[in-house]
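*Asks:* Fold the following and give me the result.
(one chain, ligands or ions: 2)
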Amino acid sequence: MKNYKVATLTIAGSDCSGGAGIQADLKTFSAIGTYGMSVITAITAQNTQGVFEVEELSKNIIKKQIEVVFDDIEPSAVKIGMVSSPEIILEIANTLKKYDPKNLVVDPVMMSKSGYSLLRPEAKENMIKYLIPMAYIVTPNVPEAQEITGMKIETLEDMKIAGQKILEMGPKHVLMKGGHLKGDAIDVLIGKDIFEVYESKRLDRKNTHGTGCTISSSIASHLALGYGIKESVALSKIYITEAIKNSFDIGHGVGPVHHFYKFDKLK
Ligand SMILES: Nc1ncnc2c1ncn2[C@@H]1O[C@H](COP(=O)(O)OP(=O)(O)OP(=O)(O)O)[C@@H](O)[C@H]1O
Ligand SMILES: Cc1ncc(COP(=O)(O)O)c(N)n1
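*Replies:* Ligands and ions are numbered 1, 2, ... in the order given. Presented below is the predicted three-dimensional model:
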């Protein structure tokens, strides 16, 4: 039996419609059984049909939120999601460095499913320079990995090569998510002496809003609970597949995944 008395922290943007960002992360933490905390980096006005407005929070309040959390409660894992500006990225990296966070999961969020840019173009460089190298695991989807490496990714072999390139930027592991490719949903984990493929049938569901946020928070939760990296990814692949299966048509666009979960499957 795992010790569930562990805290997990998400540093990300808010999605008022509850499908992605902070809201997806906290739902995932709770469903898996860790104690969730949040540092909000930006408020988005979005729903299942799109992102309509974004307001970044100031560097100061983002830094302060991180400090007061860490000064009081040490998270057993930290997940970073939407961080839109170069200044905010640098502030987060510098603040986190003081605390040497355990199990840092970096989801290099760039674009919403609806096509809205959540990372300013000029912020990409700082993400590569400061955040990616700090990560215990970085979880790009295929378009993000293409942006980070500059290479086209179409096949499993391409995923492996691009993953290796990202690994050379400094993180301990890379999970390349294949949700955007055709065919089955294949994700690849790359690390030193690690090359694991996680495969599931592609579910013919339109409600996949929040899949990326959910799998990265699930990995953070499992790492916090003490699972190893391969097992954390394997259990998270099961979690996201179930969350997609449990989704239902809420709203008028691309609906969110749903975190109703039969908990005993994770044990
Ligand atoms: N239709 C699907 N059926 C099964 N699994 C899927 C499907 N779409 C995505 N996945 C899985 O969901 C996870 C997230 O993958 P994806 O590549 O969509 O990430 P993402 O683009 O970062 O997500 P998001 O668009 O929410 O930011 C991966 O494990 C992927 O394999
Ligand atoms: C605050 C926030 N963070 C991340 C995403 C990406 O999720 P998706 O690609 O499913 O729209 C999002 N839409 N909003």
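*Asks:* Direction included, what does the lengthiest strand in the chain pair against?
*Replies:* For the chain, the strand reaching the highest residue count under DSSP state E is reported as strand 35-47. Within its sheet, and counting by DSSP bridges, strand 35-47 is paired with strand 7-15 (parallel), strand 50-56 (antiparallel).
*Asks:* That one vs ligand 1: in contact?
*Replies:* No. Among the residues of strand 35-47, none lie within reach of ligand 1 under CB under 6 Å from any ligand atom; the closest is 12.1 Å away. The way it works is simple: take the backbone N, C-alpha and C, and place the C-beta from them, glycine included.
*Asks:* Stretch 176-187 too?
*Replies:* Yes. Applying CB under 6 Å from any ligand atom, one finds stretch 176-187 touching ligand 1 at 177-180, 185, 187.
*Asks:* so where do the strands sit in the stretch 1-150 of the chain?
*Replies:* Listed in chain order, the strands of the stretch 1-150 of the chain (DSSP state E, counting those that start in this stretch) span residues 7-15, 35-47, 50-56, 77-80, 104-106, 137-138.
*Asks:* So what touches stretch 126-137?
*Replies:* For stretch 126-137, contacts defined as CB atoms under 8 Å, 6 or more residues apart in numbering pick out 80, 83, 86, 89-90, 92-93, 96-97, 102-106, 108, 119, 138, 148, 166, 169-175, 219, 223, 229.
*Asks:* and it, which residues are buried?
*Replies:* 126-128, 130-132, 134-137 (16 or more other CB atoms under 10 Å).
*Asks:* Just give me the longest helix of the chain.
*Replies:* In terms of residue count, the longest helix belonging to the chain (DSSP state H) is helix 229-245.
*Asks:* one step back: what subset of the contacts of stretch 126-137 is buried?
*Replies:* For the contacts of stretch 126-137, a neighbour count by 16+ other CB under 10 Å gives the buried set as 80, 83, 86, 89-90, 92-93, 96, 103-106, 108, 119, 138, 148, 166, 171-175, 219, 223, 229.
*Asks:* these two touch, right, residue 220 and residue 102?
*Replies:* No. In this structure, residue 220 sits apart from residue 102 without contact. The criterion is CB atoms under 8 Å, and the distance is 10.0 Å.
*Asks:* list the residues that contact both of those two?
*Replies:* Jointly contacting residue 220 and residue 102 under the rule CB under 8 Å, 6+ apart are 77-78.
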